[in-house]
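> quick one, fold the following:
(one chain, ligands or ions: 2)
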Amino acid sequence: MDFLKMKLEKLPRIGMKYGAILKKLNIETVEDFLLHFPFRYEDYSERILIENLAAGETATVMGEVVQSKLVRTWKKKMMITECFVSDETGTVRAVWFNQPYVSDSLTAGKGVRLAGKISEDAKGLFFSNPAWELSSRTPTNTGRLVPIYPETEGLTSKWIRWQMQNMIKYADALVDPIPENILRGLHLPILSEAVKSLHFPKTLKEFELAQKRFAFQQMFLVQLATQRVKISWDKQNAASIAFNETLTKYFVESLPFTLTDAQRKAAFQILKDLEKPLPMNRLLNGDVGSGKTIVAAMASLSAINAGFQVSLMAPTEVLARQHFESISKIFSKQDITVGLLTNSYQITTDNRQLTTNNKKSRDALLQKLKNGEINLVIGTHALIQKDIKFKNLALIIIDEQHRFGVAQRAFLQQQIAEINDGLPGKIPHLLTMTATPIPRTLTLAFFGNLDISVLDEMPKNRLPIVTEIVMPSKRKDVYDFVRSEITKGHQAFIIFPLVEESEKLTELKAATQEHEMLSREIFPDLKLGLLHGKLKAGEKEQVMADFKDKKYDILVATSVVEVGIDIPNATVIMIEDAERFGLSQLHQFRGRVGRSDKQSYCFLFTGSKTIKAKSRLGAMEKTSSGFAIAEEDLKLRGPGEFLGTRQSGLPDIAMEHLSNVKLIEIAHDYAEQTLQNSPDLSDYPLLQKELGKFQSNVHLE
Ligand code: ADP
Ligand code: MG
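Ligands and ions are numbered 1, 2, ... in the order given. All right, here's what the predicted structure looks like:
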């Protein structure tokens, strides 16, 4: 029988109760359990003689119990187990609080291992609540590198270790999806060995190699996924869009500013791509405020001038609407009809009436897309729906926000290739724009086969935003400062974090409370708006529009304001509990101000005195370069957090290797070879299955 597929709840050692807890973590079978990896290790591998113990250090000792007793403190009503353990060099005391059963096991004469931190009190050195086990047992919790698992309620690391110790033998049955010759060539362990090493590494080296194997697997899958998409993408045809130099020049000269060199270069690269009869697949990688929209507009103009349609997709309705407004303005002197299609409303530039969602207006807009009356349509993901037909769609632009997970991209590309573009035998050119600059190391890892244009230069009229970390004692000064800016006619954002999934329900309450408190106690004479995730798209719209129209002086908002909202008159942003956000996200927030020639300010409130939070936030004070911040963020949080997508099937610890450029290159080459040998991977059924799993896991996000 296949032990790996056995349900955990059926195992007598685990049973229904634990089975249910594990199920919540998506761990149902023995195989799932084996692939549930520790996220760190406690190094109890070195045995120390008792005479060499020192306070503050972490150590394992081995000896014999000489005395053990259970004491009840009368004051605190606490049960204390006190135990003395001796080895050939001395005796040490160990105490456990409220674990009376310890004294049952540790009776005099028993051989025992203790591991933990050494403390010191008036009576001398002692272990406080150490990990322990009888010396007769295989070292699991002491005397080795002890795995620490992510804990959930009702499931301790110790319990998982104990179960794992019994189940690890089944790892031998795991079959490796990666061809063995590849792993051998890299001197990496095969799956079964790597799994054993991750749970119970004998040495640090063994653990590192196992970790590297999983990192390699991840990179290899990513490379296979992207290369496969690239191969099929490159086999397609696209409309060739002639580059009209005169028109482009004329358009650029009509702008109220001069393009940065980076914008010029990126636009040129894109326009050159569009000329080819092959579909472009280019990423416009640029910082907040680096002016990606105008570059996208230049590409659109070129396509529309050549008689084609363009579609631009934004991640949210608010952003789609904003793009609609700004692009309609950019093209106001051109004979271009722009349409907006989201689930809430449909409008076109020739009919500037806002129409809330009803079937009639939607049908009317779809009709115009079909007959070509609309040249440029802007919208959300509602734009890739099966019932939407174009007359001749030649270019799709995606303002991608955070959705730059590799598999999502692959999925999106597939959808795009299937769009009813009205051009038989052709697919649209694709331009994606990031909202957060992506560090070089990651573009290599995830977009190895993608053409990239980088906007690493800010428009000249920008003043760097003055950024300051604020300790609680200085709060009032900042409020005063905000007030002084508002007196000058400017506006301010106040952001506070409520980002975790589990907190979504209380978001409304907290947002409302914060807004009320500020309106009543701090700024009673000012007008405060409130923006949070529970508002309907139309309501968010209204709040943003009102803020833009200066109906509010201050906008209190949760992280929904993060995406590219443009309020040039806002000059101050205060961010509460700043340490709870990633640096890249803070940088996004900061990008909400400084969008004009006025001096802008960003205040990061933190109550956290921990050095880490401070040094992390310090990067915000030091640099205004989104690329530098992204690199830093990547280093601190790792690619998993940075990308914002949990790439399933991958131990977090392996993610650390994602900045290993050499390994990425190797994965790239092996993926290329593998696909050359077997383009559809039919020679590698396990690998094919793993790739399918990897891709479907990420789609669901
Ligand atoms: P993002 O890259 O964040 O999408 P946008 O395209 O929204 O940035 O541009 C931000 C602001 O900068 C807009 O108001 C835009 O009109 C302006 N802008 C774009 N390019 C330039 C430039 N070269 N010089 C001055 N202002 C510019
Ligand atoms: Mg933008």
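> what's in contact with stretch 109-126?
Contact with stretch 109-126 is made by 42, 44, 53-65, 85, 92-95, 106, 127-136, 139, 141-143, 146, as judged by Cβ atoms under 8 Å, 6 or more residues apart in numbering. Any C-beta I mention is one placed from the backbone N, CA and C, and that applies to glycine too.
> what residues sit buried inside that stretch?
110, 112-116, 118, 125-126 (16 or more other Cβ atoms under 10 Å).
> again, but for stretch 468-488
For stretch 468-488, a neighbour-count test (16+ other Cβ under 10 Å) marks 469-470, 478-479, 481-483, 485-486 as buried.
> what's the average pLDDT for it?
Mean pLDDT, computed over stretch 468-488, is 93.
> looking at the contacts of stretch 109-126, which are in strands?
Using DSSP state E, the members of the contacts of stretch 109-126 that fall in strands are 42, 58-65, 85, 92-95, 127-128, 131-134, 146.
> out of those, which end up buried?
Buried among the ones in strands among the contacts of stretch 109-126 (16+ other Cβ under 10 Å): 42, 59-65, 85, 92-95, 127, 131-133, 146.
> where does the stretch 1-150 of the chain get nearest to ligand 1, residue-wise?
Distances from the stretch 1-150 of the chain to ligand 1, computed as Cβ to the nearest ligand atom, single out Phe39 as the nearest residue at 35.1 Å.
> surely that residue and Tyr149 touch.
Yes. At 7.0 Å, Phe39 counts as touching Tyr149 under the criterion of Cβ atoms under 8 Å.
> who has more neighbours out of those two?
Comparing Phe39 with Tyr149 by other Cβ atoms under 10 Å, the one with more neighbours is Tyr149, at 20 against 13.
> just the pLDDT at the more buried one, thanks.
86.
> phi, psi for it please.
phi -100, psi 150 (degrees, to the nearest 10).
> what are the ranges of the strands in the stretch 201-350 of the chain?
281-286, 309-313, 338-341, 346-348 (DSSP state E, counting those that start in this stretch).
> columns distance to Ile438 and mean pLDDT on top of those strands, output as TSV?
Output for the strands of the stretch 201-350 of the chain, formatted as TSV (distance: least, Cβ to Cβ, whole Å; pLDDT from 0 to 100):
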stretch	distance to Ile438	mean pLDDT
strand 281-286	6	91
strand 309-313	19	96
strand 338-341	28	92
strand 346-348	33	74
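> need those strands in CSV (columns: mean neighbour count).
Below are the strands of the stretch 201-350 of the chain laid out as CSV (neighbours: other Cβ atoms under 10 Å):
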stretch, mean neighbour count
strand 281-286, 24
strand 309-313, 26
strand 338-341, 27
strand 346-348, 24
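> quick one: which of those strands is nearest Ala267?
strand 281-286 (9.5 Å; Cβ to Cβ).
> dump that closest one to PDB, keeping only the CA atoms.
C-alpha atoms of strand 281-286 as PDB (Å, rounded to 0.1, in the frame of the first residue of the first chain):
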ATOM      1  CA  ASN A 281       6.300  41.000 -24.300                       C
ATOM      2  CA  ARG A 282       7.900  43.800 -22.500                       C
ATOM      3  CA  LEU A 283       8.000  44.900 -18.900                       C
ATOM      4  CA  LEU A 284       8.200  48.600 -18.100                       C
ATOM      5  CA  ASN A 285      10.000  48.500 -14.700                       C
ATOM      6  CA  GLY A 286       9.800  51.900 -13.000                       C
END
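> what sits against the closest residue to Asn461 other than its chain neighbours?
Nearest residue to Asn461, sequence neighbours excluded (Cβ to Cβ, 6 or more residues apart in numbering): Asp597, at 4.8 Å. Shown in contact with Asp597 (Cβ under 8 Å, 6+ apart): 461-463.
> so which elements touch the stretch of helix or strand Glu485 belongs to?
If you go by DSSP states H and E, Glu485 is part of helix 475-487. The contact analysis (3 or more Cβ pairs under 8 Å, 6 or more residues apart in numbering; DSSP states H and E) places helix 475-487 against strand 491-495, strand 570-575, strand 601-605.
> any residues touching it, and which ones?
Residues contacting helix 475-487 (Cβ under 8 Å, 6+ apart): 470, 492, 522-523, 526, 553-554, 571-572, 574, 601, 603, 605.
> tell me the contacts of the residue of the stretch 601-701 of the chain found nearest ligand 1?
Closest residue of the stretch 601-701 of the chain to ligand 1, Cβ to the nearest ligand atom: Gly626 (9.5 Å). The neighbourhood of Gly626, defined by Cβ under 8 Å, 6+ apart, consists of 287-288, 290, 436-437, 584, 587, 591.
> may I ask which two of those residues are separated the most?
Spanning the widest gap among these are Ser290 and Ser584, at 14.6 Å by Cβ to Cβ.
> what about the helices in the stretch 201-350 of the chain?
Along the stretch 201-350 of the chain, counting by DSSP state H, counting those that start in this stretch, helices occupy 204-234, 245-254, 261-275, 292-305, 317-330.
> also the stretch 351-500 of the chain?
Under DSSP H, counting those that start in this stretch, the stretch 351-500 of the chain gives helices at 359-371, 406-417, 440-446, 475-487.
> columns distance to ligand 1 on top of those, output as a markdown table?
Formatted as a markdown table, the helices of the stretch 351-500 of the chain follow (distance: least, Cβ to the nearest ligand atom, whole Å):
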| stretch | distance to ligand 1 |
| --- | --- |
| helix 359-371 | 25 |
| helix 406-417 | 19 |
| helix 440-446 | 17 |
| helix 475-487 | 20 |
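> wait, Ala557 touches Leu530, no?
Yes. Ala557 is within contact range of Leu530, at 7.4 Å (criterion: Cβ under 8 Å).
> quick one, which of the two is more surrounded?
A side-by-side neighbour count of Ala557 and Leu530, using other Cβ under 10 Å, places Ala557 first with 28 against 21.
> ok, that one to Lys540 distance?
Ala557 sits 10 Å away from Lys540, taking Cβ to Cβ, to the nearest Å as the criterion.
> and for these two, which residues touch both?
Common neighbours of Ala557 and Lys540 (Cβ under 8 Å, 6+ apart) are Leu531.
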